[in-house]
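> Sequence below, structure please.
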Amino acid sequence: MDIFNGYLFSKLQAIGSRSEGPIYYLQQFDYKEFVVLKKVQPWQGDPKLSQFLNKKVTIQGQLGMSGIDYKTIVPYKAKGANGKGPSLIVDLKLGTSTLIVDQMPPGPHPPQSLALTLRVKWPYRSIWTGHLLTTQIYDFMIDHKGKTIWRWSAGKVFGQIVHPISISGGSFHEFPEVWTFDPDSIMSGGRYTARGIFLATGQEATADFKIEIAE
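The predicted model follows:
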């Protein structure tokens, strides 16, 4: 069996029919969603799942073509978040704290970029082990005024295979990527926020940076 962490919610299916009833979904920390198969009739609510609606949970079960066949479901507890267990250290490093965006002279401009590096460290003399549900290890986002204007994984396809991942103790393991953008798509300067997430644990690191527009 596998372990799935995420946020449990439901939608109504087959509205207006005799099979109208809730269908349950798990939104994982990388924003992917899986159906969680209920163990009652289509028109019924699953009592065990219903008590965890709108909460972060950990599900133990098997992922199949139709969704997650759950065996157990318990409240989610991030490792180390309550001081009861060790956790990875996750950090986000940017190529610069101030990004000068060139929009002069008027007209098309060459692409610009910002380097982002997600850094993950296991601060012990051992090896941390976990697992991923796809071949995607991490994700990056750029936010401005509460909206995500770029997501690294958007449009990418990842292998749907469960596989282990390990982080050896000692130094940081680095996962670098680049945000490449059209300067003319930046509508305003100010504070922006970069986010990086390590999908095996759902841990997220953020870093603010400033955009100044050269006009």
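
> Please name the strands paired to the helix or strand hosting residue 191 in the sheet, noting orientation.
Per DSSP states H and E, residue 191 falls inside strand 190-198. Sheet pairing for strand 190-198, assigned by DSSP bridges, gives strand 138-144 (antiparallel), strand 203-214 (antiparallel).

> among those, where is the model least confident on average?
Mean pLDDT is lowest for strand 203-214 out of the strands paired with strand 190-198, coming in at a mean of 93.

> circling back to that earlier point, make CSV out of the strands paired with strand 190-198 and add distance to residue 158 and mean neighbour count.
C-beta coordinates here come from the backbone N, C-alpha and C atoms, glycine included. As requested, the strands paired with strand 190-198 are arranged in CSV below (distance: least, C-beta to C-beta, whole Å; neighbours: other C-beta atoms under 10 Å):
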stretch, distance to residue 158, mean neighbour count
strand 138-144, 10, 19
strand 203-214, 19, 14
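
> Wait, residue 114 touches residue 209, no?
Yes: using C-beta atoms under 8 Å, residue 114 is in contact with residue 209, at 7.4 Å.

> what's residue 166 in contact with, if anything?
Residues in contact with residue 166 (C-beta atoms under 8 Å, 6 or more residues apart in numbering) are 127-130.

> and it, helix, strand or coil?
strand (DSSP: H, G, I helix; E, B strand; the rest coil).

> what separates it from residue 178, distance-wise?
From residue 166 across to residue 178, the span is 26 Å (C-beta to C-beta, to the nearest Å).

> Ok, residue 68 next?
Taking C-beta to C-beta, one finds residue 68 at 34 Å from residue 178.

> Neighbour count for the two, which is higher?
Ranked by neighbour count (other C-beta atoms under 10 Å), residue 68 and residue 178 place residue 68 first, with 22 against 13.
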